[in-house]
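Novice: coordinates for the following, if possible.
(2 chains)
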Amino acid sequence: MLRPKFFKDHPREMRNAMSVMGPAADHYLHPHLLGIEGLTPGEISLILDRAQHYAEKNRSADKTSNILAGATVVNLFYENSTRTLTSFELAAKRLGADVINMTVGTSSVKKGETLIDTAMTLNAMNPDALVVRHGDSGAVKLLSEKVNCAVLNAGDGRHEHPTQALLDALTIRRHKGRLHRLNVAICGDIAHSRVARSNILLLNTMGSRVRLVAPPTLIPSKIDRMGVEIFHDMEEGLKDCDIVMMLRLQLERMEGSFIPSVREYFHFHGLDRAKLANAKPDALIMHPGPMNRGVEIDSEVADDVERSVIREQVEMGVAVRMAALELLVQNHRKMGGQA
Amino acid sequence: MSPAIRAKGAGKKAFINARLLDPVKQTEEKGGLLIEDDTILKSGPDITESTVPDGFEIIDLGGACLAPGLVDMRAQLREPGFEHQETIETAGKSAAIGGVTTIIALPNTDPVIDDVAGVEFIARRARKVGLAKVFVYGAVSKGIEGQEITEMGLLHQAGAVAFCDGVKTIASARLLRQALAYSTFFDGMIIQHPEEPELSKGASMNSGELATRLGLSGVSPLAEVIQIERDLRLVEMTGGRLHFAHISTGESVEVIRKAKKRGLKVTCDTAPPYFALNENAVSDYRTFAKLSPPLRSEDDRQAIVAGLADGTIDAIASDHNPQDADSKRLPFAQAAAGAVGFETLLPMALELYHNGHMSLLDVITKLTRIPAELVRIKGAGTLSEGTAADLVIFDLDRPWKVDPYQFHSKSKNSPFDGRLTQGRVLRTFIDGREVFSEGA
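Specialist: All right, here's what the predicted structure looks like:
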């Protein structure tokens, strides 16, 4: 099987022809990045173009720059995370910013009471950007209203996780050469997934078709109104897909019986070679991580070097976060510190 | 038994040139009303400037509406236990501005109003404050824990007008059955917050497209009607009197409409948010629009309006639920549910009239006579001769913008913040005493 070509490998005429959503925007004019909702195709392309630049730079010997020298980036994480936190930290450091990580315990139920206080306290130290992850939907937006620095949503509840959708988009674009007219199947725990919501918004904005594949209990009410097709049968749902995006089963967020057992879940909705055979032969396999091997994805397909781009997603994560931090902090500086 | 304030020497007053709204006689006419001290002497079209007897202070209303003071059958005063959110005094001031002269308070205070001492405490405090007349519901279960019934008979004797478990659903079928059956011997009424608790666990708004987009866990609107349908069977079984509070969905209206046709002793009320707002008010995680039950879809809102218009929904209550800023300035899922309601009750209800859904008299009847009758409070919600001079005078058309920071309630959590509305209370009288006058 041939490796799909990278976008940059196509001749220029063809790249232009593929870009039905118009050119990249000249500016990203928002003070924050709270979600994909509200972003135009041009703005998304702008971030991705910039990220593509960093993706190349990150593979070179000269990984760092001083573009954000002197800037302070605070990573404020109310949920445990190793991958995203590391990715953001690395992104900020490669741009030359000073980084502080604050991981706030999740044990206290009353943590929200201190959310605004924490925001105000951090704000008083004049950071240039706050990267925030919180277990409650809308919490990052609430916080953004109380500070005057750029706020980057690193995941809020089951609402949005914009940098994840952007890094997924960059990975797809590098392999498929486009973000439109693709059939993308997002499979698994849609109900508890902010990744799914951000990806639906982004892929719809860029002109692709999204299908959701999950048991009925993991499909949130009226999600079809977001412009997606719904499948409960995985083989049917994967038919002729260009992209198979698996989600992590978030057992820790489940109250009550969403699925009878992990074994049954894997039997019907776990991705294995047999189910994958329904997708296009060159379909990409994606997963936002961390993977539950043997729960939503079989190791055989997860580690398939021909089709799985899971590790590349991690790599693109750093590039996308560098692009987002750069755009936001520069906006913030231009506005004289008034986000 | 009644915690009424008996004012001495309020004097003789004649209100003339009024648009009289009498929910008992069911008349709306130009006329006047005479009061002496705390009592209504007479009302009717024949009371004009020339016919007022000597010795009466003449108050010319210049065509403003004159109606019985509003009877609010669902409100939380938060005292005792939550005085940082509201007290009987601040609630009384807020009610006076809203034209509310009789309040029936929920028992979910700390301590819970589940014994005679609690009922007496509220009555004593309200008498001392001397604003709205405050009655209470007794708790159905001890400590509102949903296990054993309270001393309902004794509570009733002490003045509890009916029974409810505050903002909690009476979930146990056994408990509700016993409460309904037991209360029949003194014609007691049980008030249910109809929301199936298992289905609504952990939910913070109405389920549907918006909840999905916002990533908030939603409760299906069916959780309400599922509870109502079960409870109707218990009413049938026991012959008790059951009232559903703040109903919010079209399905509920439909089911109650049918039950009433079958002759069951069920009644219900709703609150302004459920006929004036829909779930879109939650967009952008506005915690002031987080209510229980949650705001519903536009279809449901319209069904509630229709239910009010055709009489399926008996009464309108404020559902006054004060929450301090710290309880609301939180991520949506963690924020407290509820909204203050006294000061917007009348204007929001008047929107039903201004929008052509109901007659003015119907709106006033649902705010006065009917709630008073449901909880068996005699002499409230009426302009009849010999009853207490509890009156509200309002300008039907006056436009204004809702600004909760002008509210007299201790809490400012109004989902109507910034709304342009029409109709404003000018003066409020309780037992002939003026407790609120615009501009005073």
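Novice: contacting residues for the spatially most central residue of chain B?
Specialist: With distances taken as CA atoms, centre = their mean, B:A317 lies nearest the centre of chain B, 2.4 Å away. For B:A317, the contact set (CB atoms under 8 Å, 6 or more residues apart in numbering or on different chains) comprises B:D72, B:M73, B:R74, B:A75, B:A245, B:H246, B:D269, B:T270, B:A271, B:L345, B:P371. (Each C-beta comes from the backbone N, C-alpha and C, glycine too.)
Novice: quick check: it vs chain A, distance?
Specialist: Per CB to the nearest CB, to the nearest Å, B:A317 is found 29 Å from chain A.
Novice: so how far is B:A75 from that residue?
Specialist: 7 Å (CB to CB, to the nearest Å).
Novice: could you list the low-pLDDT ranges of chain B?
Specialist: Filtered on pLDDT under 70, chain B yields the residue ranges B:1-10, B:440.
Novice: show me where it has its helices.
Specialist: B:88-98, B:116-129, B:152-158, B:173-183, B:197-200, B:209-214, B:222-238, B:250-261, B:272-276, B:298-309, B:325-328, B:342-354, B:360-367, B:369-374 (DSSP state H).
Novice: okay if I get these as a markdown table plus distance to A:A129?
Specialist: Below are the helices of chain B laid out as a markdown table (distance: least, CB to CB, whole Å):
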| stretch | distance to A:A129 |
| --- | --- |
| helix B:88-98 | 43 |
| helix B:116-129 | 52 |
| helix B:152-158 | 59 |
| helix B:173-183 | 54 |
| helix B:197-200 | 39 |
| helix B:209-214 | 24 |
| helix B:222-238 | 42 |
| helix B:250-261 | 47 |
| helix B:272-276 | 38 |
| helix B:298-309 | 39 |
| helix B:325-328 | 28 |
| helix B:342-354 | 41 |
| helix B:360-367 | 52 |
| helix B:369-374 | 54 |
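Novice: who wins for proximity to A:D303 among those helices?
Specialist: A:D303 lies closest to helix B:209-214 among the helices of chain B, at 33.4 Å (CB to CB).
Novice: returning to that earlier point: looking at the contacts of B:A317, which is nearest B:A132?
Specialist: Within the contacts of B:A317, the smallest distance to B:A132 is 8.3 Å, found for B:D72 (CB to CB).
Novice: which residues sit in contact with A:P31?
Specialist: Residues near A:P31 by CB under 8 Å, 6+ apart: A:A150, A:V151, A:L328, A:N331, A:H332, A:M335, A:A339.
Novice: what about residue 118, how many residues nearby?
Specialist: Unless you meant another one, I'm taking chain A. Residues lying near A:T118 (other CB atoms under 10 Å in any protein chain shown) number 19.
Novice: hmm, I had chain B in mind actually
Specialist: With other CB under 10 Å as criterion, B:G118 counts 22.
Novice: repeat that for B:T365.
Specialist: B:T365 has 25 neighbouring residues, counting by other CB under 10 Å.
Novice: could you give the number of residues near the closest residue to it other than its chain neighbours?
Specialist: Using CB to CB, 6 or more residues apart in numbering or on different chains and skipping the chain neighbours, the partner closest in space to B:T365 is B:P23 (4.1 Å). Close neighbours of B:P23, defined as other CB under 10 Å, add up to 25.
Novice: contacts only, for B:P23.
Specialist: When contacts are taken as CB under 8 Å, 6+ apart, B:P23 is in contact with B:A67, B:P68, B:L361, B:I364, B:T365, B:T368, B:R369, B:I370, B:G381, B:T382, B:L383.
Novice: correct me if wrong: the last one contacts B:F15.
Specialist: No: look at B:L383 against B:F15 with CB atoms under 8 Å: they stay out of range, at 10.4 Å.
Novice: which neighbours do those two share?
Specialist: Jointly contacting B:L383 and B:F15 under the rule CB under 8 Å, 6+ apart are B:L33, B:L66, B:L391.
Novice: which of the residues you listed fall in strands?
Specialist: Counting by DSSP state E, the shared contacts of B:L383 and B:F15 place B:L33, B:L66, B:L391 in strands.
Novice: between those, which is closest to A:R133?
Specialist: Among those, and counting by CB to CB, the member closest to A:R133 is B:L391, at 56.7 Å.
Novice: what distance do you get for that closest one to chain A?
Specialist: 44 Å.
Novice: and for that residue, nearest residue in space, chain neighbours not counted?
Specialist: Nearest non-adjacent residue to B:L391, counting by CB to CB, 6+ apart: B:F429, 4.3 Å away.
Novice: let me know whether the one you found touches B:S437 as I believe.
Specialist: No: when contacts are counted by CB under 8 Å, B:F429 is not listed as touching B:S437 (9.4 Å).
Novice: so which of these two has more stuff around it?
Specialist: B:F429 (27 against 13).
Novice: that one pairs with what?
Specialist: Note on B:F429: beta-bridge partners B:L391, B:E434, judged by DSSP bridges.
Novice: mind listing what it touches?
Specialist: Counting by CB under 8 Å, 6+ apart, B:F429 has contacts B:I35, B:G69, B:T101, B:A389, B:D390, B:L391, B:V392, B:I393, B:V435.
Novice: ok, the fourth one touching B:D38?
Specialist: Yes: checked against CB under 8 Å, the pair B:A389 and B:D38 is within contact range at 5.6 Å.
Novice: of those two, which one has the most company?
Specialist: Counted by other CB under 10 Å, B:A389 and B:D38 do not tie: B:A389 has more neighbours, with 26 against 21.
Novice: what's the spacing between that one and chain A?
Specialist: Counting by CB to the nearest CB, the gap from B:A389 to chain A is 47 Å.
Novice: residues contacting that residue?
Specialist: Here B:A389 is in contact with B:A10, B:I35, B:D37, B:D38, B:T39, B:I40, B:F429, B:I430, B:D431, B:G432 (CB under 8 Å, 6+ apart).
Novice: for those, which one is nearest chain A?
Specialist: Nearest to chain A out of the contacts of B:A389 is B:I430 (CB to the nearest CB; 39.1 Å).
Novice: return the residues in contact with the closest one.
Specialist: Residues in contact with B:I430, defined by CB under 8 Å, 6+ apart, are B:I5, B:A7, B:G69, B:A96, B:T101, B:L131, B:A132, B:K133, B:A388, B:A389, B:D390.
Novice: picking that back up, so which of the contacts of B:A317 are in strands?
Specialist: Per DSSP E, strands hold the following members of the contacts of B:A317: B:D72, B:M73, B:R74, B:A75, B:D269, B:T270.
Novice: partner residues bridging the first one?
Specialist: On the basis of DSSP bridges, B:D72 takes part in beta bridges with B:I103.
Novice: contact residues of the stretch 1-150 of chain A facing chain B?
Specialist: Proximity of the stretch 1-150 of chain A to chain B, by CB under 8 Å from any CB of the partner chain, involves residues A:E37, A:G112, A:E113, A:L115, A:I116, A:H134, A:D136, A:S137, A:G138, A:A139, A:K141, A:L142.
Novice: before we move on, back to that, of the contacts of B:A389 - the most surrounded one?
Specialist: B:I430 leads those on contacts (other CB under 10 Å) with 29 neighbours.
Novice: so for the top helix by length along chain A, what gets flagged as buried?
Specialist: When chain A is parsed with DSSP H, its longest helix is helix A:310-334. Neighbour-count burial for helix A:310-334 flags A:310, A:312-332 (criterion: 16 or more other CB atoms under 10 Å in any protein chain shown).
Novice: near chain B, from those?
Specialist: Counting by CB under 8 Å from any CB, nothing from the buried residues of helix A:310-334 sits close to chain B.
Novice: spell out which parts of chain B neighbour chain A.
Specialist: So chain B meets chain A at B:201-202, B:207-209, B:211-218, B:220, B:284-285, B:326, B:329-334 (CB under 8 Å from any CB).
Novice: thinking again about what came up before, quick check on the residue nearest to B:T365: phi, psi?
Specialist: For B:P23, the backbone dihedrals are phi -70, psi -10 (criterion: degrees, to the nearest 10).
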